[in-house]
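With the sequence up front, the predicted model follows.
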Amino acid sequence: MKILFVNEKAGYFGGVEQNVADSARALQESGADCHLAYAELTNRDPDGYREIFRDTVRCREISPGGDGGQSFAAIMRQVQPDVVYLHKVASLNFFLPFVGAVRAVRMVHDHDLCCPRRHKYFLFSSRVCHHRAGWRCYLDAAFLERDHGSALRFRLTGIRPKLEEMKRNFHLDAVLVGSRFMQQELIQNGFSKNKVHILPPVVPAQNLHPTPVPDAATILYVGQLIRGKGVDLLLQSLKRVRCDFKAIIVGTGNAEQGLRALCSRLGLDAKVEFRGWVDHAALEAYYAGARVVAVPSRWPEPFGMIGLEAMRQGRPVVAFAVGGIPDWLQDGVTGCLVAEQDVAAFARALERLLSDPETAREMGRAALAAAHEKFAFDRYLQALSGYLRGSEITKL
């Protein structure tokens, strides 16, 4: 099977690029012939990244305003793929001439297709939006887009073109999403339910050495420090925790300065440590020292890979029940699910595991077992191969 991956970036950057790399490497090892069309290189090992594929070609049409590389038509003539596997692209215009001429599968990694604001939660209330895209988007100021180069920091943008872009994807052969929430979101917005398939974008579990849940009452957060990740909600919860604890926050982002200030205002400086960015290989030590991992997301996680990573390390998770999180976190078994933005309940859930190490250990063991049973990479690869081929497969 000859597969043409299509993604805006070549090189490691975020979860999308990691998934592309892991999938292509494994498919190549299983006998597939993987190629990559991209718009730009990242500065994180672009050479090593491109070596994963049989060949890589820069395409000037994948990214708006692109002016380098070949046309997509030329790449199609060169590769002659059996299937085109689309990932993060701003517009599908470059692919429209090939719809119906070659099998086309897309992995939808975020809410950009169906949410003109992209975040899938309301601007003013910060609550998750459960509506289809349409007139409500105007009420939520989705016609404004951030523009750091302008004096007002915003610019006007059209909602209708974004809805038209979404509809271009209706004609693809299959669309893959990470969770039931994402599946429902696409179907609600007009996608055929027969074409939208759930395939959590799991990564290989390599060289992991899970350790028993420790006695230390330590809470760990790993992720970006941006509004959607809800670290402010975590800090508000920590203010309500009555037992002794230490919280470690790993990550960076544009909200870091404000979060540090909030931490001080809440009087948590002695209990909360901001560690900044940490190399992925060094995270294992942080998991080993944690009693519980917190996932306080405000936005509806399309899946929530950090939770699965915690479970693979044998750690229970406390998280808000938004987006794809309920697909992998079983309340009372592998951790605690808490109602959206209920910081008091989040505090009680943390306190329960901090005060009862045996319950934390029991949930940690269950989390590790669930990660192996439900989210094994070989099962993911088998399912992905089936969707790319268009063959009947057993769903995950």
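Sure, I can see it.

Could you count how many residues lie near G230?
Residues near G230, counting by other CB atoms under 10 Å, number 27. The C-beta positions use only the backbone N, C-alpha and C, and glycine is treated the same way.

ok, now S391?
Neighbours of S391 (other CB under 10 Å): 8.

any idea which element it lies in?
For S391, there is no enclosing helix or strand under DSSP states H and E.

Could I get the pLDDT score of it?
With respect to pLDDT, S391 scores 81.

what's the distance between it and A32?
Counting by CB to CB, to the nearest Å, the gap from S391 to A32 is 14 Å.

Break down the stretch 151-300 of the chain into its helices, ranges please.
Taking DSSP state H, counting those that start in this stretch as the criterion, the stretch 151-300 of the chain contains helices spanning 160-168, 180-188, 231-238, 256-265, 283-288.

can I get those in CSV with mean neighbour count?
As requested, those are exported to CSV (neighbours: other CB atoms under 10 Å):
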stretch, mean neighbour count
helix 160-168, 15
helix 180-188, 20
helix 231-238, 23
helix 256-265, 15
helix 283-288, 16
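
which one of the ones you listed lies closest to R298?
Of all these, helix 231-238 sits nearest to R298, with 6.4 Å by CB to CB.

Tell me how far that closest one lies from the chain's centre.
Distance, stretch centre to chain centre, for helix 231-238: 21 Å (CA atoms, centre = their mean, to the nearest Å).

I'd like to know which elements it is packed against.
strand 218-222, strand 246-250, helix 256-265, helix 343-355 (3 or more CB pairs under 8 Å, 6 or more residues apart in numbering; DSSP states H and E).

is it true that A247 touches E273?
Yes - using CB atoms under 8 Å, A247 is in contact with E273, at 7.2 Å.

So the two - more neighbours on which side?
For A247 versus E273, the count of surrounding residues by other CB under 10 Å is larger for A247: 24 against 13.

For that one, give me its contacts.
218-221, 234, 238, 268, 271-273, 294 (CB atoms under 8 Å, 6 or more residues apart in numbering).

among these, who's most crowded?
Among the contacts of A247, A294 has the most neighbours (other CB under 10 Å), with 30 neighbours.

show me what contacts M1?
Here M1 is in contact with 27, 31-33, 82-83, 385, 388-389 (CB under 8 Å, 6+ apart).

Repeat the analysis, applying 10 Å as the threshold.
27, 30-34, 81-83, 103, 385, 388-389 (CB atoms under 10 Å, 6 or more residues apart in numbering).

And for V272?
219, 221, 234-235, 238, 245-249, 259-260, 263-264, 266.

from those residues, which is closest to H109?
The shortest approach to H109 among the contacts of V272 belongs to Y221, at 21.7 Å (CB to CB).
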